[in-house]
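Colleague: sequence plus the predicted model coming up.
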Amino acid sequence: MSARLGALLRRDLALLLFGRRGGTVLPVLFFLAVAMLFPFAVGPDAQLLARTGGGVIWVAALLAAILPLDRLIEPDIELGFFDQWALRGISEEWIVAVRVLAHWLSFGPPLMLAALIAAALLGLDAATLRTVEIGLLAGTPGLAALGVTVAALTAGLRGGAALAGLLVIPLAVPLLIFGAGSLAIGGTSGLALTGAVSLVLLAIAPFAAGAAIRGARQ
Amino acid sequence: MQEHRSAAHLTANDLACRRGDRVLFAGLSLALAPGESLQVAGANGIGKSSLIRILAGLMRPFAGAVERTGAVGLVDDRPALDPHLPLGKALAFWQRTDGAADGKLVRLGLADLLDVPVRYLSTGQKKRAALARLIGQAAPVWLLDEPLNGLDSQAARLTEALAAEHCAAGGICVIASHQSFTLPGMRQLALAEFAA
């Protein structure tokens, strides 16, 4: 089983990191574009930028995580991959768990690197940057789990990609409140709650997405 | 592998299939022992593909039950190969998953196509690639949904020969096709007789 899951992770990473439609580059560029445009929009007030910049990074990260949703699950259903895995006794839950990991690896760490550049563009101080980075580390796994779950639920629907984006946004609000909120209140409580929300989403994702993929077969 | 194959069985009891509001067929029973084969024939939309998916365990029957002994291999109109990858790499994913090496690539005429991205392959070439994936899986029960679609006559004869060898080695073949498929000792099942 572990050899099969290894083969699965290898394929998922190759598709999500370097696949067509931008791979990991597109979300990172989108993220940086928001961080770059924001100072143009609100003006070069260094204090204002430093105060709001952390929140902007969070909003940009959330929106960037939505970009790859349409290629997370649906292409593999259409190409017959999920049927072939089912015939080989590889459960949808395992496939989803591997895909959440691959999806996170393809956008979480790259966004955390890009956040360094964004912080420079927005003029964040070191303490804020540290809180943002720890918050992203705690929150992006939850975003990945949520993205895969919603992608599975909307796979095969007409306009599924647009619907997936609309569904993720309200469901990601708790992550945003705790993650961006940790910047305002200081301390570690906000970060801990971000991590807690992430863990809940990670625990639910394989079962919810697995059931959705099986249900789509009937 | 051989002992697995000799233990292969496929039995269905009193199957019914419903799509939406329509019952496509009902009261269908079949039993296949090692080395046996069955062609499911019938017009378009009569439920051949649904029957194959029910036998594969991918779809729940509306009524009845399917019992399977032995792994199931399925070839349908979706090759389950990554379109942008070269054929060799796309097949290598399934070789890693199945732990198999010999997909009879030379015999299937795929040896020269391994560097070609899957999306540039013709329908028939993709079908042959799917057969290579099926052979590599080494499953005792083969479910083939319209296996001859898009194949030229030479490749069609080759597919029949591969199915015959599979059955001779103790495997089971169920073939859903409206075309004639020549296989020694193959039984016929006219799905129209079970239409509800």
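Modeller: Ah, there it is.
Colleague: so B:Asp77 makes contact with B:Leu148?
Modeller: No: the pair B:Asp77 and B:Leu148 does not pass the contact test of Cβ atoms under 8 Å, sitting 11.9 Å apart. All C-beta atoms are positioned from the backbone trio N, CA, C, and that covers glycine.
Colleague: more neighbours, these two?
Modeller: Neighbours per residue (other Cβ atoms under 10 Å in any protein chain shown) separate B:Asp77 from B:Leu148, with B:Leu148 holding more: 20 against 14.
Colleague: in contact with the residue in chain B that chain A sits nearest to, which residues?
Modeller: Nearest residue of chain B to chain A: B:Arg78, at 3.1 Å (Cβ to the nearest Cβ). Contacts for B:Arg78 (Cβ atoms under 8 Å, 6 or more residues apart in numbering or on different chains) come out as A:Glu78, A:Leu79, A:Gly80, A:Asp83.
Colleague: widest-spaced pair of those?
Modeller: For the contacts of B:Arg78, with distances taken as Cβ to Cβ, the pair at the greatest spread is A:Glu78 and A:Asp83 (10.6 Å).
Colleague: the two: who's more crowded?
Modeller: A:Asp83 (20 against 12).
Colleague: can you pull the pLDDT of the nearest residue to A:Leu167 once chain neighbours are set aside?
Modeller: The spatial neighbour of A:Leu167 that comes closest, neighbours along the chain excluded (Cβ to Cβ, 6 or more residues apart in numbering or on different chains), is A:Val150 at 4.9 Å. At A:Val150, the pLDDT value in this model is 95.
Colleague: check A:Gly190 too.
Modeller: Note for A:Gly190: predicted pLDDT of 89.
Colleague: ok, residue 111 - contacts?
Modeller: Using chain A here. A:Pro27, A:Val28, A:Phe31, A:Ala61, A:Ala64, A:Ala65, A:Leu136, A:Thr140.
Colleague: that's the wrong chain, I meant chain B
Modeller: B:Ala111 neighbours (Cβ under 8 Å, 6+ apart): B:Leu105.
Colleague: same question, A:Ala3
Modeller: Counted by Cβ under 8 Å, 6+ apart, A:Ala3 has contacts B:Arg96, B:Gly99.
Colleague: buried residues of the strand or helix carrying it, list them for me.
Modeller: A:Ala3 is located in helix A:2-18, with elements delineated by DSSP states H and E. Neighbour-count burial for helix A:2-18 flags A:Arg4, A:Leu5, A:Ala7, A:Leu8, A:Leu9, A:Arg11, A:Asp12, A:Leu13, A:Ala14, A:Leu15, A:Leu16 (criterion: 16 or more other Cβ atoms under 10 Å in any protein chain shown).
Colleague: restrict those residues to those near chain B?
Modeller: Residues of the buried residues of helix A:2-18 in contact with chain B (Cβ under 8 Å from any Cβ of the partner chain): A:Arg4, A:Ala7, A:Leu8, A:Arg11, A:Leu15.
Colleague: wait, which of the buried residues of helix A:2-18 is closest to B:Ala7?
Modeller: A:Arg4 (22.9 Å).
Colleague: next one: phi and psi at B:Gly73?
Modeller: phi -110, psi 140 (degrees, to the nearest 10).
Colleague: what is the burial count for it?
Modeller: Neighbour count for B:Gly73, taken as other Cβ under 10 Å: 26.
Colleague: so it makes contact with A:Leu87?
Modeller: Yes: here B:Gly73 lies in contact with A:Leu87, judged by Cβ under 8 Å, at a distance of 6.9 Å.
Colleague: how about the residues of chain B near chain A?
Modeller: Counting by Cβ under 8 Å from any Cβ, chain B sits next to chain A at B:53, B:56-60, B:71-74, B:76, B:78-84, B:93-94, B:96-99, B:133, B:137, B:139.
Colleague: filter those to the buried ones?
Modeller: Judged by 16+ other Cβ under 10 Å, buried ones among the residues of chain B next to chain A: B:53, B:56, B:58-59, B:71-74, B:76, B:78-82, B:93-94, B:96-98, B:133, B:137, B:139.
Colleague: please flag which of the residues you listed sit within strands.
Modeller: Among those, the ones falling in strands (DSSP state E) are B:Val72, B:Gly73, B:Leu74.
Colleague: report pLDDT for the first one.
Modeller: Read it as B:Val72. pLDDT, read off for B:Val72, is 92.
Colleague: mind checking how far it is from B:Gly124?
Modeller: Separation of B:Val72 from B:Gly124 (Cβ to Cβ, to the nearest Å) stands at 24 Å.
Colleague: contact partners for the spatially most central residue of chain B?
Modeller: The centroid of chain B falls nearest to B:Leu144 when counting by Cα atoms, centre = their mean (2.0 Å). Residues counted as contacts of B:Leu144 (Cβ under 8 Å, 6+ apart) are B:Ile52, B:Leu74, B:Val75, B:Ala163, B:Cys173, B:Val174, B:Ile175, B:Ala176, B:Ser177.
Colleague: the last one touches B:Ala156, doesn't it?
Modeller: Spelled out, it's B:Ser177. No: judged on Cβ under 8 Å, B:Ser177 makes no contact with B:Ala156 at a distance of 10.3 Å.
Colleague: identify the contacts common to the two.
Modeller: Joint contacts of B:Ser177 and B:Ala156 (Cβ under 8 Å, 6+ apart) are B:Leu148.
Colleague: and the residue nearest to A:Leu167, how far from chain B?
Modeller: Applying Cβ to the nearest Cβ, to the nearest Å, the value for A:Val150 to chain B is 23 Å.
Colleague: can you list the low-confidence ranges for the chain?
Modeller: Using chain A. For chain A, the stretches flagged by pLDDT under 70 are A:20-22.
Colleague: try again with chain B
Modeller: B:1-6, B:101-103.
Colleague: ok, which stretches of it are strands?
Modeller: Using DSSP E, the strands assigned to chain B run over residues B:9-19, B:22-32, B:37-41, B:63-69, B:72-75, B:141-145, B:172-176, B:187-190.
Colleague: for the residue in chain A positioned nearest to chain B, grab the count of nearby residues.
Modeller: Going by Cβ to the nearest Cβ, chain B is nearest to A:Gly80 of chain A, at 3.1 Å. Residues lying near A:Gly80 (other Cβ under 10 Å) number 18.
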